[in-house]
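Fold the following and give me the result.
(chains A and B)
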Amino acid sequence: QKEVEQDPGPLSVPEGAIVSLNCTYSNSAFQYFMWYRQYSRKGPELLMYTYSSGNKEDGRFTAQVDKSSKYISLFIRDSQPSDSATYLCAMDRGSSNTGKLIFGQGTTLQVKP
Amino acid sequence: DSGVTQTPKHLITATGQRVTLRCSPRSGDLSVYWYQQSLDQGLQFLIQYYNGEERAKGNILERFSAQQFPDLHSELNLSSLELGDSALYFCASSLTGTSSPGELFFGEGSRLTVL
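You can find the predicted model right below:
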């Protein structure tokens, strides 16, 4: 079983829809939770970053972490065609002195005009 | 543009061969990471260097090796290549040796095809 599970999709939604992307994990030591966005033929770029449980909002994006359920989510409001990309969740224990991130498989999102 | 430069962008080679992938981190970043991305395994951590020293090791095969030079650029060497080594290889950099609360900046990757 992988440490981080993420449904690869693809997920197709109409423009303006609310998108929900999710990851589950098994390692309770994870403290830092990130969402990266990867456009086709590009490297991943950091979208959202959350420490421990709670919510974080940035414009149309909201990240949620529920450590009791080992479940994290990314919500995209008023989705746009430019949001079409692969979204990867990533996690880190934080207590180590390394930058090793554990990534989910990535969910491919397509927002149709 | 993340500021991380990877070369070559594309590489096609045969089984049994050896290749070297090169990475220049963002200016000022001390840490370099190598990740492998394939369709079935996703993005997998291979190895991390911090200021020239190996900091962490992931699922890196013995046929693979890496190093970080005094000017902080890094090279990933892949030898005795097999078909299954075909993948996208990403380099990332960060200012510090930890990813939290820092951010990893990824290059655009080197696509390796082994025939």
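
can you count the residues close to residue 58?
No chain in the question, so chain A it is. Neighbour count for A:D58, taken as other C-beta atoms under 10 Å in any protein chain shown: 10. In short, each C-beta sits where N, CA and C put it, glycine included.

The chain in question should be chain B.
17.

Please tell me I have it right and it contacts B:I47.
Yes: contact between B:G58 and B:I47 holds when scored by C-beta atoms under 8 Å: they sit 6.4 Å apart.

For A:G54, which non-adjacent residue is closest in space?
Closest residue to A:G54 apart from its sequence neighbours, by C-beta to C-beta, 6 or more residues apart in numbering or on different chains: A:V65 at 6.1 Å.

helix, strand or coil for B:T96?
coil (DSSP: H, G, I helix; E, B strand; the rest coil).

How much space separates it from B:R55?
Computed as C-beta to C-beta, to the nearest Å, the B:T96 to B:R55 distance reads 10 Å.

For these two, indicate the residue with more neighbours.
B:R55 (21 against 15).

returning to what we had before: the residue nearest to A:G54 pairs with what?
With DSSP bridges as the criterion, A:V65 is bridged to A:G54, A:I72.

just B:R111 next, same as before
B:H10, B:L88.

Got phi/psi on B:G16?
Main-chain torsions, B:G16, degrees, to the nearest 10: phi 90, psi -10.

oh, I was asking about B:G84
According to degrees, to the nearest 10, B:G84 has phi -70, psi -10.

for it, what are its contacts?
B:V114 (C-beta atoms under 8 Å, 6 or more residues apart in numbering or on different chains).

A:E5 is in contact with A:N27, correct?
No: at 11.5 Å, A:N27 and A:E5 do not qualify as touching, with contact defined as C-beta under 8 Å.

Of the two, which one has the most company?
Counted by other C-beta under 10 Å, A:N27 and A:E5 do not tie: A:E5 has more neighbours, with 15 against 11.

out of everything not next to it in sequence, what's closest to the more buried one?
A:T24 (4.9 Å).

got it, and B:Y89?
B:S110 (4.8 Å).

Could you double-check that that neighbour lies in contact with B:P8?
Yes: under the criterion of C-beta under 8 Å, B:S110 makes contact with B:P8 at 6.0 Å.
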